[in-house]
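Chemist: coordinates for the following, if possible.
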Amino acid sequence: MIRIIQLINQSRFSDAEKEIKKVLSEEPNNAYNIYLLAIVKYECGIHQEALQLISNAINIESNEASFFELKARILLQENEISEAQKHASKALYISPDETSIYALLGSIHLINKEYKQALTRIEEGLSLDSENTECLNIKSQILMKIGRKEESIDNAENVLKSDPEDPYSLANYGWVLLEKGENKKALSIFKNALKINPHLEVAKTGMMESLKAKFIVYRWLLAYSFWMSKQSSKIQWGVIIGFYIGTKYLGKLMQENPEYHSFIIPLYILLIVFAISTWIISPLTEFALCSNSYGKYLLTKEERTRAYYIGGSFTLFVSGIILFLTTGNINFCSLIVFGLSYMIPLSQIFNGFGWKGKVLNLLPIYFLLVGILSIGITFTNDILINGISSVYLFSLFGYQFLANFLTGK
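Modeler: Coordinates of the predicted model:
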């Protein structure tokens with residue numbers, strides 16, 4: 001048993017799994033061994049198997065705090081926030097002196113943007129163990145979110161001084177730097193974290209974001225994304241609705257005041273381009289990173305698939321522009337509009353969980369069929385704006401609100 005725990009601590013998960021399975025072949029209903037196997041699956045990112053295993057362990061032994069804590073962590077990775085909080089609270093009820101549970105609850109409150117509650121939980125955990133690395137790392141994230149940037153950086157650096165080889169602390173420091181805008185330094189930190197633990201998802205994601213941030217447009221989007229992530233859902237929806245009302249008002253202003261066209265049109269176009277970019281810049285940079293020596297290994301299978309779909313749609317967009325400019329045939333504008341707009345629903349495939357994910361994965365098929373039909377009518381009847389194209393555009397408008405709801409943006 002001691003050897004198995006050592007193998008897990010050394011991130012030798014394949015060897016640990018072999019040893020655990022040997023033990024389980026003799027004692028298949030040993031809850032603690034099932035729990036250890038669930039840890040291995042969780043650390044390797046195989047969350048569904050890990051969830052099934054830990055649920056089995058809980059069915060055998062229903063009064064073990066560490067079992068509920070692990071299940072909460074797995075659920076958190078699967079974006080089941082409320083279920084994760086319920087199991088974490090159960091773990092705390094069973095073992096109120098376990099510091100890691102306070103760290104877990106603090107991270108859940110952080111995700112829910114309940115910063116005051118998050119900080120309270122972390123301080124409760126630190127009152128039990130003032131040097132707990134997980135609590136200190138989450139504290140850095142909270143401090144960054146509430147605008148105490150220098151405290152956040154200092155806190156993250158102090159954690160690393162006590163254990164400079166801890167991959168989680170390195171990854172946390174990388175994210176703090178990334179949010180502060182120090183992309184190059186963050187990239188170096190994430191590389192170091194992955195050298196120590198190549199399976200660490202938070203470091204992989206951080207390194208991917210740092211690579212994307214090499215593109216200046218994505219850096220702007222990332223800064224906007226960090227700002228939006230700090231806001232409550234009410235404020236986020238207020239920004240979205242306010243943006244829509246603003247563009248509608250500018251459109252009306254253009255119609256009523258043609259003398260201001262030289263000022264309003266560039267502003268209107270800028271707003272529209274910004275709105276579209278918030279959807280497509282991230283997957284477009286993923287497409288660009290498919291040929292990057294680091295990026296192609298960091299992208300998951302789903303991310304690569306999405307990137308290639310986006311790349312195809314972008315190619316259609318560029319082809320439409322070239323064909324329109326060389327032939328002067330306005331019908332090719334339908335390819336431009338479809339190629340650009342179709343990247344919006346494509347950008348959200350593989351982004352959801354459960355039924356929400358299925359909806360997001362199926363909707364691009366609908367837009368593809370309607371878009372092709374609209375383009376076909378355009379070239380057959382020489383009508384750029386037709387009934388089907390109107391259906392496509394209105395559906396696309398509604399999709400943006402639906403996708404924001406389904407992804408919890």
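Chemist: for the rest of this, base every contact and every neighbour count on C-alpha atoms.
Modeler: Noted.
Chemist: Three-state assignment for the residue nearest to the spatial centre of the chain, please.
Modeler: The centre of the chain sits closest to Asn351, judged by Cα atoms, centre = their mean, with a distance of 7.6 Å. The three-state assignment at Asn351 reads coil, by DSSP: H, G, I helix; E, B strand; the rest coil.
Chemist: surely it touches Lys358?
Modeler: No. If you go by Cα atoms under 8 Å, Asn351 and Lys358 don't touch, sitting 9.6 Å apart.
Chemist: show me whatever sits in contact with both of those two.
Modeler: Residues touching both Asn351 and Lys358 (Cα atoms under 8 Å, 6 or more residues apart in numbering): none.
Chemist: contacts only, for Leu170.
Modeler: Residues near Leu170 by Cα under 8 Å, 6+ apart: Leu160, Pro164, Ile189, Phe190, Asn192, Ala193.
Chemist: got it, and Ala171?
Modeler: By Cα under 8 Å, 6+ apart, the neighbours of Ala171 are Ile189, Phe190, Ala193, Val202, Ala203, Gly206.
Chemist: can you redo these as CSV with distance to Gly339 and secondary structure?
Modeler: Below are those laid out as CSV (distance: Cα to Cα, whole Å; DSSP: H, G, I helix; E, B strand; the rest coil):
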residue, distance to Gly339, secondary structure
Ile189, 37, helix
Phe190, 35, helix
Ala193, 38, helix
Val202, 33, helix
Ala203, 33, helix
Gly206, 29, helix
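Chemist: buried ones among those residues?
Modeler: Ile189, Phe190, Ala193, Val202, Ala203, Gly206 (16 or more other Cα atoms under 10 Å).
Chemist: give the helix, strand or coil label for Lys86.
Modeler: Assignment for Lys86 (three-state DSSP): helix.
Chemist: can you say which helix or strand has the spatially closest residue to it that is not a sequence neighbour in it?
Modeler: Leaving out its chain neighbours, the residue that sits closest to Lys86 by Cα to Cα, 6 or more residues apart in numbering is Ala72, at 7.7 Å. Ala72 belongs to helix 65-77 when assigned by DSSP states H and E.
Chemist: let's see that helix as PDB, backbone CA atoms only.
Modeler: This file holds the C-alpha atoms of helix 65-77, laid out as PDB (Å, rounded to 0.1, in the frame of the first residue of the first chain):
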ATOM      1  CA  ALA A  65     -14.600  12.400   4.000                       C
ATOM      2  CA  SER A  66     -11.700  11.800   1.500                       C
ATOM      3  CA  PHE A  67     -14.100   9.900  -0.800                       C
ATOM      4  CA  PHE A  68     -16.600  12.700  -0.900                       C
ATOM      5  CA  GLU A  69     -13.800  15.300  -1.400                       C
ATOM      6  CA  LEU A  70     -12.400  13.400  -4.400                       C
ATOM      7  CA  LYS A  71     -15.900  13.000  -5.900                       C
ATOM      8  CA  ALA A  72     -16.400  16.800  -5.500                       C
ATOM      9  CA  ARG A  73     -13.100  17.500  -7.200                       C
ATOM     10  CA  ILE A  74     -14.000  15.200 -10.200                       C
ATOM     11  CA  LEU A  75     -17.500  16.800 -10.400                       C
ATOM     12  CA  LEU A  76     -15.800  20.200 -10.400                       C
ATOM     13  CA  GLN A  77     -13.700  19.200 -13.400                       C
END
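Chemist: next one: that helix to chain centre, how far?
Modeler: On the basis of Cα atoms, centre = their mean, to the nearest Å, helix 65-77 sits 20 Å off its chain's mean C-alpha point.
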